[in-house]
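S.K.: coordinates only, sequence not included:
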Ligand SMILES: [Ca+2]
């Protein structure tokens, strides 16, 4: 083989290497990349959705625990007497210094303001702003979303088990992504012994 032929052969090889990917190879590569990106996007969407639901569950648990602790605190501080722990219509105010209307039946919005009775979960919990006239109960009252825990509703149910024992069931529902609704339930038992006197 002459030197010239060898040189030609080397040039041929170099030319082939410089040709790079063919169109079909590029299309296949893009296709594989697209499949990979679609998978990644689905994983990111799932992760975001899961993270939102986790946050909802955590917040709902906090509301459940806070509600149970508040009921215990109302007993311990004797702001309500034992017979007054009940839902609307079942409250026995006979031995009490102050009348208590009772915990609301059914689910209601969770407000950050307990209203005039100082007890969360009752009908006077504040969810409205007084409007331009500054007076509550007039037609220009508006719902103040800042006072409400948006997306969460709560039910506090009191069941009499005996004269000295009640069951407190707190249910908190949350509305999550895509309108999915979840519920966290906490159950506590309340006896007639206030552990502290404040
Ligand atoms: Ca209240």
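M.R.: Okay, I see it. Owing to the predicted nature of the structure, the values given are computational and were not obtained by experimental measurement.
S.K.: what does the protein put close to the ion?
M.R.: Those residues of the chain that sit near the ion, judged by CB under 5 Å from the ion, are 114-115, 117, 119, 122, 124-125. C-beta here means a position set from N, CA and C on the backbone, and glycine is covered the same way.
S.K.: restricted to buried residues, select the residues you listed in ChimeraX.
M.R.: Filtering the residues of the chain next to the ion down to the buried ones (16 or more other CB atoms under 10 Å) takes a single ChimeraX command:
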select :117,119,122,125
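S.K.: so which residue is smack in the middle of the chain?
M.R.: The chain has residue 56 as the residue nearest its centroid, 2.7 Å off, counting by CA atoms, centre = their mean.
S.K.: hang on, that residue in a strand?
M.R.: No. Assigned with DSSP: H, G, I helix; E, B strand; the rest coil, residue 56 falls outside any strand and is helix.
S.K.: how close does it sit to residue 103?
M.R.: 23 Å (CB to CB, to the nearest Å).
S.K.: what pLDDT does residue 150 get?
M.R.: Looking at residue 150, its pLDDT is 88.
S.K.: how about the contacts made by it?
M.R.: Residue 150 sits next to no residue when contact means CB atoms under 8 Å, 6 or more residues apart in numbering.
S.K.: now the one 5 residues further on
M.R.: Taking CB under 8 Å, 6+ apart, we find residue 155 in contact with 104-108, 169-171.
S.K.: which strand in the chain runs the most residues?
M.R.: Longest strand of the chain, by residue count under DSSP state E: strand 148-162.
S.K.: hang on, the earlier thing: any idea how far the ion is from the residue nearest to the centre of the chain?
M.R.: According to CB to the ion, to the nearest Å, residue 56 and the ion sit 24 Å apart.
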